[in-house]
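S.K.: Just need the structure, nothing else, for what follows:
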Amino acid sequence: MSEENITRIQLGSKEIILIGTAHVSKQSAEQVKEVVEREKPDAVCVELDEQRYQAIMDGSKWKEMDIFKVIKEKKATLLFMNLVISSFQKRLAKQFGIKPGQEMIQGIESAKEHGAELVLADRNIQITFSRIWHQIGMWGKVKLLSELVASIFNKESITEEELEKMKTQDALNAMLQEFTAAFPKLKIPLIDERDKYLAQNIKNAPGEKVVAVLGAAHVPGIKEAINKEHDLKALTKRPPKTKAPKTIAWLIPILILGIIGYTFYANPSAGFQQTLSWILWNGSFSALGALIAFGHPLAVITAFIVAPLSSLNPLMAAGWFSGFVQAYVRRPNVGDFETLSEDVFTVKGFWNNKVTRILLVVILSNLGSTLGTVIGGADVVRLFFENL
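M.R.: Next up, the predicted model:
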């Protein structure tokens, strides 16, 4: 058997065998099977966390999801990101007749078959997204979500050359390649930190011989990181919530209200004009977001009514309310959850499935409200100076 893509590391009495797999390659799964059969390791590490492992092992987990709870816990964006990445991988699967993640499934099956300890070595994907989210700022978030939504419409085929290039990339990094080019710091939470996390877990795996099934992009970083000790607690710590964004979030509405209040005192008609401008810009853009998501008319109206108020209260978001209304009047059924993994493959499926439509209503209403706040706030300031 070829030793290509296999890296052997000796750490004292422990032998570590890294298999650098391609997430979109048929041959990778076969190689994993062969290596585990031949090496008979004490432990097999896979590049999965508990959440992704459960998704692979129990495809019916979607049926248990409570969409109201997702919105309430502010996880709509995270779920949406996961679904878009799933859509990206399924497009590859269809084009090249492959099954993304097959090498990980093979690693799990081979570990069970040969009585090896299975180690889920990757960091929780929610923590990775949380640390990415922390790095990019407000406009970065808007840009990231916009690119993710736009990627659903991208029907371009991927060439063989691009596929070969992707074989050396992490699945998540491949999806966000253009974005990481614009935000180079994202490589730290996306790749570098996970290399350290994976290296430490592989090193801590039980037994004298360990096989690790990894995306090829992680192998160089793990080879470098495995000889050092890494603090897993520090790597799984959610970013601290700095006071600056919270302070700004409260200062802006206080400033807007102060300007409108003063204008009303000095010139009531101009104050009324400011108030109308604030309501129309905020409400219209948020409602437009819900409309683009093909939200129910009641969800669109809710976005329009709530956005001017929620923009003045950082503890509220228009998308939460329009999402709740959408979920109430167009409650997903079992069939929507059963077909969710397939529906995310197409634009039509994304918009037709009641689950993803709710997520789109939440996200696009919030994006519209953010844009409306900027434009509406600028117009309030303009009218203030015009009527001094």
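S.K.: quick one: the strands in this structure?
M.R.: Secondary structure of the chain (DSSP state E): strands at 6-11, 14-21, 43-46, 117-120, 209-215.
S.K.: ok, the first one: who's next to it in the sheet?
M.R.: Strand partners for strand 6-11, identified by DSSP bridges, are recorded as strand 14-21 (antiparallel).
S.K.: average pLDDT for the strand it pairs with?
M.R.: Averaging pLDDT along strand 14-21 gives 91.
S.K.: quick one: that strand to chain centroid distance?
M.R.: Distance of strand 14-21 from the chain centroid (CA atoms, centre = their mean, to the nearest Å) equals 28 Å.
S.K.: can I get the strands of the chain in CSV with distance to residue 129 and mean neighbour count?
M.R.: (Each C-beta comes from the backbone N, C-alpha and C, glycine too.) CSV is the format used below for these (distance: least, CB to CB, whole Å; neighbours: other CB atoms under 10 Å):
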stretch, distance to residue 129, mean neighbour count
strand 6-11, 28, 13
strand 14-21, 23, 22
strand 43-46, 20, 27
strand 117-120, 17, 18
strand 209-215, 17, 27
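S.K.: okay if I get those strands as CSV plus distance to residue 287?
M.R.: As requested, those are exported to CSV (distance: least, CB to CB, whole Å):
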stretch, distance to residue 287
strand 6-11, 54
strand 14-21, 46
strand 43-46, 45
strand 117-120, 43
strand 209-215, 42
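S.K.: Among the ones you listed, which comes closest to residue 135?
M.R.: strand 209-215 (21.3 Å; CB to CB).
S.K.: Output the contacting helices and strands for that closest one.
M.R.: Secondary-structure packing of strand 209-215 (3 or more CB pairs under 8 Å, 6 or more residues apart in numbering; DSSP states H and E): strand 14-21, helix 26-39, strand 43-46, helix 102-113, helix 193-204.
S.K.: For it, which outside residues touch it?
M.R.: By CB atoms under 8 Å, 6 or more residues apart in numbering, the residues outside strand 209-215 that reach it are 14-23, 32, 35-36, 39-47, 103-104, 106-107, 116, 121, 169-171, 198, 202, 205, 222.
S.K.: at 6 Å what do you get?
M.R.: 15-19, 23, 32, 35-36, 39, 41-47, 103, 107, 170, 202 (CB atoms under 6 Å, 6 or more residues apart in numbering).
S.K.: For it, which strands pair with it and how are they oriented?
M.R.: strand 14-21 (parallel), strand 43-46 (parallel).
S.K.: Take the longest one, keep the C-alpha atoms, and write them as CSV.
M.R.: Backbone C-alpha positions of strand 14-21 (Å, rounded to 0.1, in the frame of the first residue of the first chain) are rendered in CSV as follows:
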residue,chain,number,x,y,z
LYS,A,14,4.0,6.4,21.3
GLU,A,15,3.7,6.1,17.5
ILE,A,16,1.3,8.5,15.8
ILE,A,17,0.2,7.9,12.2
LEU,A,18,-1.4,10.9,10.5
ILE,A,19,-3.6,10.2,7.4
GLY,A,20,-3.9,13.4,5.4
THR,A,21,-7.2,12.8,3.6
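S.K.: the inter-axis angle of that strand versus helix 102-113?
M.R.: Put simply, strand 14-21 runs at 140 degrees to helix 102-113, going by axes from the mean of the first three to the mean of the last three CA atoms, to 10 degrees.
S.K.: Burial check on residue 294, number of neighbours?
M.R.: Using other CB atoms under 10 Å, residue 294 is surrounded by 16 other residues.
S.K.: Residue 324 versus that one, what's the distance?
M.R.: In this view, residue 294 and residue 324 are 17 Å apart by CB to CB, to the nearest Å.
S.K.: So for residue 217, what's the pLDDT?
M.R.: For residue 217, the predicted pLDDT is 80.
S.K.: what about it, neighbour count?
M.R.: 22.
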